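**Student:** Need a 3D model of the sequence below.
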Amino acid sequence: MQSLLEEITAELKLGFTKKGHPFRYFSLATKGLEDDIGLRTVALRNVSPDLRCTFYSDSRSNKIKELIEDSTVSALFLHPKKLWQITLKGNIIREMDTQVLKTYWNGIPLKSRKDYTTKTAPGSKHVEGKPIEYITDSNHFSILHIIPEQIEILKLERPSHVRVRFSKTEGAWYSTRLVP
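**Tutor:** Modelled structure (predicted):
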């Protein structure tokens, strides 16, 4: 089963290194502010050796507000050609190291920085026809890391599907084979 975890790790890393890879974007679920579920698509920016998955956000977004209340998340990665579904459950930590934030910010192309410099928060009402205003002297750039506690993979294949859950205990991953 360890080879399957290594295969998952390699495939997740392709999500941020290989252009057009299906794991580049994934669905992130959070507990909403009104006891509902917040669901959105985010871009995978990095995967560390311990499977910490990194993505960016505007610090004023609803997902940040939701994560302040409850840091538990579920992430869903889908590979339509391989017929893989990977569910990653864990907690979010927000990057607070200003040097790390600055380094990542400087690596973002200038045209993409506008995603984090709107004058009003994401999801705010906007008057149609009025141009969106941007700030130039600061930004609302945030880096978020998913610290995985559980990973489940479903591989649809013949003659039978494969489903395995990996759970992290005291820094080590343990696998359990499941009925698909």
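
**Student:** Verify the stated contact: residue 85 with residue 161.
**Tutor:** No: using Cβ atoms under 8 Å, residue 85 is not in contact with residue 161, being 10.2 Å away. From N, CA and C alone the C-beta is placed, and that goes for glycine too.

**Student:** Spit out the residues that contact the two alike.
**Tutor:** residue 154 (Cβ atoms under 8 Å, 6 or more residues apart in numbering).

**Student:** Those two: which is more packed in?
**Tutor:** residue 85 (16 against 12; other Cβ atoms under 10 Å).

**Student:** Show me what the lengthiest helix in the chain is packed up against.
**Tutor:** In the chain, with assignment by DSSP state H, the single longest helix is helix 2-17. Contact here means 3 or more Cβ pairs under 8 Å, 6 or more residues apart in numbering; DSSP states H and E; on that basis helix 2-17 packs against strand 46-47, strand 72-79, strand 84-94, strand 141-155, strand 162-169, strand 172-178.

**Student:** same for the very next helix or strand once past the shortest one, what does it pack against?
**Tutor:** Reading on from strand 46-47 to the C-terminus, the next helix or strand found by DSSP states H and E is strand 53-58. When contacts are defined as 3+ Cβ pairs under 8 Å, 6+ apart, strand 53-58 packs onto strand 37-43, strand 46-47, helix 62-69, strand 141-155.

**Student:** the inter-axis angle of the last one versus strand 84-94?
**Tutor:** Note on geometry: by axes from the mean of the first three to the mean of the last three Cα atoms, to 10 degrees, strand 141-155 and strand 84-94 are set 150 degrees apart in direction.

**Student:** picking that back up, for residue 40, which of the helices and strands packed on helix 2-17 is the nearest?
**Tutor:** Taking Cβ to Cβ, strand 72-79 is the member of these nearest to residue 40, at 10.8 Å.

**Student:** The closest one: how far from the chain's middle?
**Tutor:** Computed by Cα atoms, centre = their mean, to the nearest Å, the chain-centroid distance of strand 72-79 equals 7 Å.

**Student:** Measure how that strand sits relative to strand 141-155, angle-wise.
**Tutor:** Angle, strand 72-79 to strand 141-155, by the same axes, to 10 degrees: 60 degrees.

**Student:** buried ones in strand 72-79?
**Tutor:** Buried residues in strand 72-79, counted by 16 or more other Cβ atoms under 10 Å: 73, 74, 75, 77, 79.
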